[in-house]
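**Q** Predicted structure and sequence below. I'll ask about it afterward.
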Amino acid sequence: MLRPVSKLSGYTIEASDGHIGSVNDILFDDATWKVRWLVVDTGHWLSGRKILIHPSAVGAVDDERQSIPVTLTKARIEDGPAIQQDQPVSRQMENGLHGYYGFNPYWGGSFYGMAAIDAPFSSRPTFGGFGMGEAAAIQSRPEDQDPHLRSAAEVNGYHIHASDGDIGHVEDLLVEETGWGIRYLVVDTRNWWAGQHVLVSPYAVREIKWADRQMRLDVTREKVKTSPPWHAPLSQLDQIYESQLHNHYGWPGYGW
């Protein structure tokens, strides 16, 4: 099932023994377009502390209750890694998280391919480091910073450029719940093609300029304009439509 990443913001996170907080953001890998972490704000329970939860610990999303179950206990979370403000998530920090919780860093496998990245580490957004609570503290060094970890909230609004001109901006990301891979970018084309939205697969992303808040595609504006039309709701986005979309652009499929 595909769902907009933006709609998950605010969903409550339920441990096996009670409520622990709500989704604050989602961090994804800009090379594989896989979700790597859910950022959870624990609110009053842990005095505003934030934690990172790996998708492998996440159960089926309950849209009716707007909640997401996780296979962790409150005690395990309370004693574990937490995010501190204004410090970048590093590989070393992620290793600490995987080690503490027993998360599999290779869960879900690979997804797409490497996008060209041009921004230096210092210009990339930070999401907060973490303190280990009762566990041993891990010191972060700049050279350890993960160059591919991105905030879903941060990329909303990025300008999208076809090979021959602008087409719009990122309005949302569509993630598939089973493997937590970002399958499409929802692009609002209002300033170029009034009243329209288009779906773009990460397969089409040729280059990302993080400092300029831009994504460049390897397709033309005409190709975008002649793509199968799409309008919300997501119930219209079925396998038939996806096959038509991928055939139009010549993108690989998703194992249908």
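**A** Good, I have the coordinates.
**Q** which element is the residue positioned nearest the centre of the chain on?
**A** Nearest to the geometric centre of the chain sits Phe28, at 3.8 Å (C-alpha atoms, centre = their mean). Using DSSP states H and E, Phe28 sits in strand 18-29.
**Q** Check Ala31 too.
**A** Using DSSP H and E, Ala31 falls outside every helix and strand.
**Q** Quick check, Asp29 in contact with Arg36.
**A** Yes - counting by C-beta atoms under 8 Å, Asp29 touches Arg36, with 5.4 Å between them. (Each C-beta comes from the backbone N, C-alpha and C, glycine too.)
**Q** Looking at the two, which one has more neighbours?
**A** Arg36 (24 against 19; other C-beta atoms under 10 Å).
**Q** Which strand or helix spans that one?
**A** Using DSSP H and E, Arg36 falls in strand 35-41.
**Q** CA atoms only for that strand, dumped as CSV, please.
**A** The C-alpha atoms that make up strand 35-41 are tabulated as CSV, following Å, rounded to 0.1, in the frame of the first residue of the first chain:
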residue,chain,number,x,y,z
VAL,A,35,13.2,5.1,4.7
ARG,A,36,15.9,4.5,7.3
TRP,A,37,14.3,6.1,10.4
LEU,A,38,11.1,7.4,11.8
VAL,A,39,11.7,10.4,14.1
VAL,A,40,9.4,10.1,17.1
ASP,A,41,8.7,13.0,19.5
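**Q** Which helix or strand lies directly C-terminal to that strand?
**A** strand 50-53.
**Q** What is that following strand packed up against?
**A** strand 18-29, strand 35-41, strand 82-84 (3 or more C-beta pairs under 8 Å, 6 or more residues apart in numbering; DSSP states H and E).
**Q** any idea how far that strand is from the chain center?
**A** On the basis of C-alpha atoms, centre = their mean, to the nearest Å, strand 50-53 sits 14 Å off its chain's mean C-alpha point.
**Q** List of residues touching it?
**A** Outside strand 50-53, the residues that touch it by C-beta atoms under 8 Å, 6 or more residues apart in numbering are 13, 20-21, 24, 27, 37-42, 70, 72, 77, 80-83, 89, 97, 128, 130.
**Q** same thing but 6 Å
**A** Defining contact as C-beta atoms under 6 Å, 6 or more residues apart in numbering, one finds that strand 50-53 is touched by Trp37, Leu38, Val39, Val40, Asp41, Val70, Ala82, Ile83, Leu97.
**Q** List the buried residues of it.
**A** Lys50, Ile51, Leu52, Ile53 (16 or more other C-beta atoms under 10 Å).
**Q** Same check on stretch 37-51?
**A** Trp37, Leu38, Val39, Val40, Asp41, Thr42, Gly43, Leu46, Arg49, Lys50, Ile51.
**Q** Please name the residues that touch the third one.
**A** Val39 sits next to Asn24, Asp25, Lys50 when contact means C-beta under 6 Å, 6+ apart.
**Q** phi, psi of the closest residue to Thr226 other than its chain neighbours?
**A** Once flanking residues are discounted, Thr226 sits nearest to His248: 7.4 Å by C-beta to C-beta, 6 or more residues apart in numbering. His248 adopts backbone torsions of phi -60, psi -40, taken as degrees, to the nearest 10.
**Q** Isn't His248 up against Ser227?
**A** Yes - the pair His248 / Ser227 is scored as a contact, 5.2 Å apart, by C-beta atoms under 6 Å.
**Q** Tabulate the contacts of strand 50-53 (CSV), appending pLDDT and distance to Leu199.
**A** Output for these, formatted as CSV (pLDDT from 0 to 100; distance: C-beta to C-beta, whole Å):
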residue, pLDDT, distance to Leu199
Trp37, 94, 24
Leu38, 95, 23
Val39, 93, 25
Val40, 94, 28
Asp41, 92, 30
Val70, 97, 29
Ala82, 73, 36
Ile83, 72, 32
Leu97, 88, 32
